[in-house]
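Peer 1: one predicted model, sequence on top.
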Amino acid sequence: MTEMLLLSLLALVLSLFLGLVRVLLGPGAGNRMLATQLIGTTGVGMLLLLGSLPGQAALFDVALILALLAAVAAAAFTGVQETRND
């Protein structure tokens, strides 16, 4: 069980790193926003995995808040892009 958890966390850290690279090198604002969403989703996944450890149940609440913030950020970005294109 512990090995599988560590392997999953390692895969998520790799995804987090690749998303960070895309944010820094992305050709456009849309690509950067998608990479930011990837980072948020990866963070939620990592928190959920860590929340399954004994004594870490509060991380489920933190993961929920991070997911809600990521959705609000995506909606805000969409609104900004729509006003910029008008």
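Peer 2: The structure has been received and is ready for your questions. Numbers count the residues shown, from 1 in each chain.
Peer 1: distance from stretch 73-84 to the middle of the chain?
Peer 2: Distance of stretch 73-84 from the chain centroid (C-alpha atoms, centre = their mean, to the nearest Å) equals 18 Å.
Peer 1: other SSEs contacting the longest helix along the chain?
Peer 2: Identified as the longest helix of the chain according to DSSP state H is helix 58-85. Judged by 3 or more C-beta pairs under 8 Å, 6 or more residues apart in numbering; DSSP states H and E, helix 58-85 is in contact with helix 29-51. From N, CA and C alone the C-beta is placed, and that goes for glycine too.
Peer 1: give me the mean pLDDT for the helix it packs on.
Peer 2: Across helix 29-51, the average pLDDT comes to 92.
Peer 1: can you give me the angle that helix makes with helix 58-85?
Peer 2: Going by axes from the mean of the first three to the mean of the last three C-alpha atoms, to 10 degrees, helix 29-51 is angled at 170 degrees with respect to helix 58-85.
Peer 1: measure residue 11 to residue 69 for me?
Peer 2: Noted for residue 11: a distance of 23 Å to residue 69, by C-beta to C-beta, to the nearest Å.
Peer 1: so what's the residue count around residue 39?
Peer 2: Residues lying near residue 39 (other C-beta atoms under 10 Å) number 19.
Peer 1: could you find the closest non-adjacent residue to it?
Peer 2: Leaving aside its sequence neighbours, residue 39 sits nearest to residue 19 (C-beta to C-beta, 6 or more residues apart in numbering; 4.4 Å).
Peer 1: residue 63 contacts residue 40, doesn't it?
Peer 2: No - with contact defined as C-beta atoms under 8 Å, residue 63 does not count as touching residue 40 (10.4 Å).
Peer 1: now do residue 4 against residue 52, distance only.
Peer 2: 11 Å.
Peer 1: residue 58: neighbour count?
Peer 2: For residue 58, the count of nearby residues is 10 (other C-beta under 10 Å).
Peer 1: any idea of the mean pLDDT in stretch 9-17?
Peer 2: 95.
Peer 1: right, I'll leave it there.
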